[in-house]
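Participant: requesting a structural model of the entry that follows:
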Amino acid sequence: MNKTMFENNWKQIRTRSTEWWSLLSEYDLLKVDKVEVKFDKYATLLRVKYGYTSDQAKKEIGIRLAQIGIESEKSVAPLEPIVKIKKRLKT
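Facilitator: Numbers count the residues shown, from 1 in each chain. Next comes the predicted model:
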């Protein structure tokens, strides 16, 4: 999970958080709002509230983000170099 991507989509994630995890309160989300690295704080809250391991919390966050169309950079296929595309177009 790319932390920058999480940070860039925080408002959308925040809106859906209580829908995804009923144990997260508005007070919890306000704590996340205040920190600089929101992903780490959010994952910590999931670990505390749900007893997840660090890896489980990250995986659960990734699943929820995929549900709303925020894909991890790792899941996106790398782009072909432009040179290869141009060669294919000439044939």
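Participant: for the residue positioned nearest the centre of the chain, pull up the helix or strand it's in.
Facilitator: Central residue of the chain (Cα atoms, centre = their mean): Phe6, 4.5 Å from the mean position. Assigned by DSSP states H and E, Phe6 belongs to helix 3-8.
Participant: list the buried residues in that helix.
Facilitator: Using 16 or more other Cβ atoms under 10 Å as the test for burial, helix 3-8 gives Phe6. (Each C-beta comes from the backbone N, C-alpha and C, glycine too.)
Participant: contacts for the following helix or strand past that helix, please.
Facilitator: Per DSSP H and E, helix 3-8 leads on to helix 10-20 as the next helix or strand towards the C-terminus. Here helix 10-20 makes contact (Cβ atoms under 8 Å, 6 or more residues apart in numbering) with 6, 24-26, 29, 32-33, 38, 42, 64-65, 68, 70.
Participant: now, among those residues, which is nearest to Ala57?
Facilitator: In terms of Cβ to Cβ, no member of the contacts of helix 10-20 lies closer to Ala57 than Tyr42, at 8.2 Å.
Participant: contacting residues for the closest residue to that closest one other than its chain neighbours?
Facilitator: Leaving out its chain neighbours, the residue that sits closest to Tyr42 by Cβ to Cβ, 6 or more residues apart in numbering is Val32, at 5.3 Å. Residues near Val32 by Cβ under 8 Å, 6+ apart: 10, 14, 38, 41-42, 45.
Participant: report pLDDT for Val32.
Facilitator: pLDDT for Val32: 96.
Participant: for Tyr42, what are its contacts?
Facilitator: 6, 13, 17, 32, 61.
Participant: list the buried residues in whichever strand or helix holds it.
Facilitator: Using DSSP H and E, Tyr42 maps to helix 38-50. By neighbour count on 16+ other Cβ under 10 Å, the buried set for helix 38-50 is 38-39, 41-46.
Participant: just name the closest of these to Gln56, please.
Facilitator: Looking across those and measuring by Cβ to Cβ, the closest to Gln56 is Leu46, at 8.1 Å.
Participant: let me know the helix or strand that the closest residue in space to the closest one that isn't next to it in sequence is in.
Facilitator: Sequence neighbours aside, Ala57 is the residue nearest to Leu46 in space, at 4.2 Å (criterion: Cβ to Cβ, 6+ apart). Using DSSP H and E, Ala57 sits within helix 54-67.
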